[in-house]
Every structure is written in C-alpha cells, then in structure tokens.
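Student: Need the 3D shape of this:
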Amino acid sequence: MRKSLPTWLLAIALTAACYVLVDFLREGTERPAAIPSAAILAMLVGVVVGNVLPKNSPWKGGSRSIIKTAIPLAIVFMGAGLDLGVLADPRVGVGGLAITLLAIAAALGLGIFCARALGLSRNTQLLLGVGTAICGSSAIIATAPLIDAEEDELVLTVATVNLMGLVAMFAIPPIAHAFGLTEQVSGIFAGTTIHAIPQAIAAGDAMGDTAGTFATLFKLVRVSLLAPIVLLVGALARRNKPKVDQDGSTTSTPWVPWFLWGFAALAILHSFELLEFGIALPGLEITPLSGLLKAAGKGLLAIAMIAIGFELPLSQLVGVGARALLAGLLSTFGLLAVTLGLLAIVF
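Tutor: Numbers count the residues shown, from 1 in each chain. Model prediction:
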C-alpha cells in the first residue's frame, strides 16, 4: 500500500479536478447531458497524464493496485442503486437476459468472422471474438493459454479490444440519445455491448444513475459467463488445458467473481429498503446510506479510470495493425447494430 500511495493521491486529485470541471461545464451549458461524465473524462486525463509521466514514475507505479481495488468495490457499491423489483417486468428480466445471451453470441461470431475475413490468425480470431463478447482483456488473457496463443497475438488483440472499448464507451451515449432510449434501455445497451467492465459502467453512468446501474447489472451477467465461454472457445480450438504457472500450480478461471455476489447482496438490501436510513456526515445533509454508497461507487470508478489511463501507453494503441483495427471496428459496430435491433424488438 505504501508504494501505491503516491498513485492513489494523484488519482484522487485528478478525479476531484474532473468532477469540478464537469460541474463547471454543465452549469455553463443548456445541454448538460452533452458533457462527458467525470468517469469518462477521467479516462482521458489518465491517458494524457500517464503518457507524460516517465515510465517508472512512482506517481503511476501503483495504478494496477488501484484498478484491482477500486473497480470491484465500485461494482459492489453500484448494487445499492438497483431495485430488483424492476426485473419482474418480463421485458427487463427475461428480455434483457435474452438480449445479453444473443449479444454474446453475435459478438463472438462477428469477432471471429471479421478477423478471418481479413486474414488474421486463427488464435487472433478467437481472442478477438471472446474479448468483444465478454469482458475485454480479462477474457483474452484467460483464453490465451487454452489455445496456445503467441505473445504477439495476445498483445495485438488486447490493444485492439482496449481501443475498441474506448470507441464504444464514447459512441454509445450519443447513439442512445439519438435513438431516444430510456435510461433503463440505455444501461442495457451499454452493459451488453461494451468490452471492459469499467468502460461499460462509465458509459452507463454518463447517461444517468439508472443507466449506470443497469449497465453494471447486465455487464456482470456477461462477466458471470466468462468461464463457460472461455472453456467453449478452448474446446473449439481443441486445446482445452489449464495454464501451468512457473511454480507448477494451475490457474483456473473463477465461475463467478466475488464482486458479483457483493453487488447482488446490496441490491437485495436496497430492494427491501434496508439501506434507506439516513447518515449524517460533517458538512453534508443527512443522506440515505444507499445514496452514499452509490456516490462512493461513482468516485471509485472515476479513480479507477484514471489508473486505467495510466496503464494505456499510446504507443500500444497506435501500434494496432490496420487489419486488426478494421476487424475490431467491424465487429464492434456490428455488435452495436445487432443489439440496437434486439432492443427495438423487445422494448
């Protein structure tokens, strides 16, 4: 923790600056919804500052520690904003789940098809498909050892998916606004299409509190399917074997991440109105615990986005090959189009 303290301090300071700037910009415009959220702005600030600071700077050396700590906690706290009663609506519950499953299948198929059409290697096809379908880099890293992917294939697909996740994060809020999607539907749209967890939540949050909660929920549904999808891809490659670490131990993919259970627990408590008692903090009005938890989740998300920006060297993003970039663009926007069509049918 001591080694990562400078990075925490810098990330918190930059996050505070992002909140101040967003509030200032929204107060001075007639279209506050057009101003990016603090979390999205934080990603841009993190990329800029991270690429200005020296590679071994202690001010960004703890960014991975922040990501590992802040994102799971942010996800858990987001559960305090979900009333599970809304899932009783067949369109939201059953319909949303069906859209999620179909979107996963479409993303996997589009990623493989587009990469194959552009002459990329078979491993790259599979990695791009699973990265687009589930949760970006995490899915790619989990799948790579099962298909004996080469390091250059791994680096290429991770860079491509990270870049496409950024594109989708910025593209979805204006698309949702242009099509007049409600906050619930906008959140489902973000959660079922954007590659990485923090990017999906940030895009949802940019469209409103309800959209942020639903983006988190449906993104977690995708994440919970990581293990079976990874094993399926491994079976397709006929090399379904566990990764063996240097110490001889095996690495397995967890079926359900712990933070999903935390999210569900807070959602249940909130649904039974057990988080609505007021909390008095110095200098602030009495606020329900659920509101404080949601605000804490948003703050942690923005801090994590700063840290993620620190971890995105521009050289890696610029170095994405033309064919991989085109495959990523085609599969990503194909997924957006398919999901919009499904949302139009259900909602």
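Student: CA only for contacts and neighbour counts going forward, please
Tutor: Fine.
Student: where does the stretch 51-200 of the chain have low pLDDT?
Tutor: Nowhere does the stretch 51-200 of the chain drop to pLDDT under 70.
Student: Can you verify my assumption that Arg91 contacts Val346?
Tutor: Yes: the pair Arg91 / Val346 is scored as a contact, 6.2 Å apart, by C-alpha atoms under 8 Å.
Student: what sits up against the helix or strand harbouring Gln125?
Tutor: Using DSSP states H and E, Gln125 sits within helix 122-133. Residues outside helix 122-133 that contact it (C-alpha atoms under 8 Å, 6 or more residues apart in numbering) are 103-116, 136-140, 143-144, 147-149, 153-154, 157-158, 161, 193-195, 222, 229-230, 233, 328, 331-332.
Student: now the residues you listed: which count as buried?
Tutor: Among the contacts of helix 122-133, those classed as buried by neighbour count (16 or more other C-alpha atoms under 10 Å) are 103-116, 136-140, 143-144, 147, 149, 153-154, 157-158, 161, 193-195, 222, 229-230, 233, 328, 331-332.
Student: The residue positioned nearest the centre of the chain and Ala302: what is the separation?
Tutor: Against the mean C-alpha coordinate of the chain, by C-alpha atoms, centre = their mean, the closest residue is Ile197 at 1.9 Å. Using C-alpha to C-alpha, to the nearest Å, one gets 13 Å for the distance from Ile197 to Ala302.
Student: cool, and Leu163?
Tutor: According to C-alpha to C-alpha, Leu163 and Ala302 sit 18 Å apart.
Student: Which residue of these two possesses the greater neighbour count?
Tutor: Ala302 (32 against 21; other C-alpha atoms under 10 Å).
Student: got the angle for the helix or strand containing Val223 vs helix 122-133?
Tutor: Applying DSSP H and E as the criterion places Val223 in helix 209-224. Angle of helix 209-224 versus helix 122-133, following axes from the mean of the first three to the mean of the last three C-alpha atoms, to 10 degrees, is 140 degrees.
Student: Next secondary structure element downstream of helix 209-224?
Tutor: helix 226-236.
Student: OK, contacts around the residue nearest to the centre of the chain?
Tutor: Contacts of Ile197 by C-alpha under 8 Å, 6+ apart are 135, 216, 219-220.
Student: Between these, which sits nearest Ala70?
Tutor: Closest to Ala70 out of the contacts of Ile197 is Thr216 (14.5 Å), distances taken as C-alpha to C-alpha.
Student: ok, how many other residues are close to that closest one?
Tutor: Neighbours of Thr216 using other C-alpha under 10 Å come to 31.
Student: And the pLDDT at it?
Tutor: The model reports Thr216 with a pLDDT of 93.
Student: for Val244, same thing?
Tutor: 44.
Student: again, but for Asp247
Tutor: On the pLDDT scale, Asp247 gets 44.
Student: How far away from the center of its chain is the helix or strand containing Lys294?
Tutor: Using DSSP H and E, Lys294 sits within helix 289-310. Centre-to-centre, helix 289-310 and its host chain are 13 Å apart (C-alpha atoms, centre = their mean, to the nearest Å).
Student: okay but Tyr19 is in contact with Ala38, surely?
Tutor: Yes: counting by C-alpha under 8 Å, Tyr19 does reach Ala38; the two are 5.4 Å apart.
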